[in-house]
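*Asks:* pasting the sequence and the predicted coordinates here, then a few questions.
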Amino acid sequence: MTVDFPPQSTSQSAYFVFYFTEMAIKQFPNDTRIVDIYINGVMKDTVSVEVNACKVVTVYPETVVGPTANVTLSAADSSTLPPIISISSLISINRISH
């Protein structure tokens, strides 16, 4: 997914927060949902999603140069299920010169 930022002449610091919850019982007991998180093509974290347990992953500070950042969620090699996310949020910090 692409995240848009307000135009800036300098880089920005961004805080990405991702929430993962498996809401249903898995069809097969050995199924796993393990998600790799990439920002602008760089792997930042891996999360194992569990039934009825919210996992929160925060990636910060991430320097963003330009008007967009690309976030990719992909199944880890050991995952038997595709990636899923419950919600995400973003906080960006802009420097104001006086």
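*Replies:* Sure, I can see it.

*Asks:* and stretch 61-76, what's buried?
*Replies:* Neighbour-count burial for stretch 61-76, counted by 16 or more other CB atoms under 10 Å, picks out Glu62, Val64, Ala69, Val71, Leu73, Ala75. All C-beta spots, glycine's among them, are computed from the backbone N, C-alpha and C.

*Asks:* right, and out of those, which lies closest to Met1?
*Replies:* Here the nearest of these to Met1, counting by CB to CB, is Val71; it sits at 5.2 Å.

*Asks:* ok, that closest one - contacts?
*Replies:* Met1, Thr2, Val3, Phe16, Ile37, Tyr38, Ile39, Ser88 (CB atoms under 8 Å, 6 or more residues apart in numbering).

*Asks:* farthest-separated two in these?
*Replies:* The largest separation in these, counting by CB to CB, is between Thr2 and Ile37 at 15.0 Å.

*Asks:* could you dump stretch 42-54 to PDB, C-alpha only?
*Replies:* Taking C-alpha atoms only, stretch 42-54 is exported to PDB below (Å, rounded to 0.1, in the frame of the first residue of the first chain):
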ATOM      1  CA  VAL A  42      13.400  -2.700   3.600                       C
ATOM      2  CA  MET A  43      12.200  -5.400   6.000                       C
ATOM      3  CA  LYS A  44      11.400  -3.900   9.300                       C
ATOM      4  CA  ASP A  45       9.800  -6.600  11.400                       C
ATOM      5  CA  THR A  46       8.000 -10.000  11.500                       C
ATOM      6  CA  VAL A  47       4.900 -10.800  13.400                       C
ATOM      7  CA  SER A  48       3.100 -14.000  14.200                       C
ATOM      8  CA  VAL A  49      -0.600 -13.400  14.200                       C
ATOM      9  CA  GLU A  50      -2.600 -15.300  16.900                       C
ATOM     10  CA  VAL A  51      -6.300 -16.000  17.400                       C
ATOM     11  CA  ASN A  52      -8.000 -13.400  19.600                       C
ATOM     12  CA  ALA A  53      -4.700 -11.700  20.600                       C
ATOM     13  CA  CYS A  54      -3.800  -8.300  19.300                       C
END
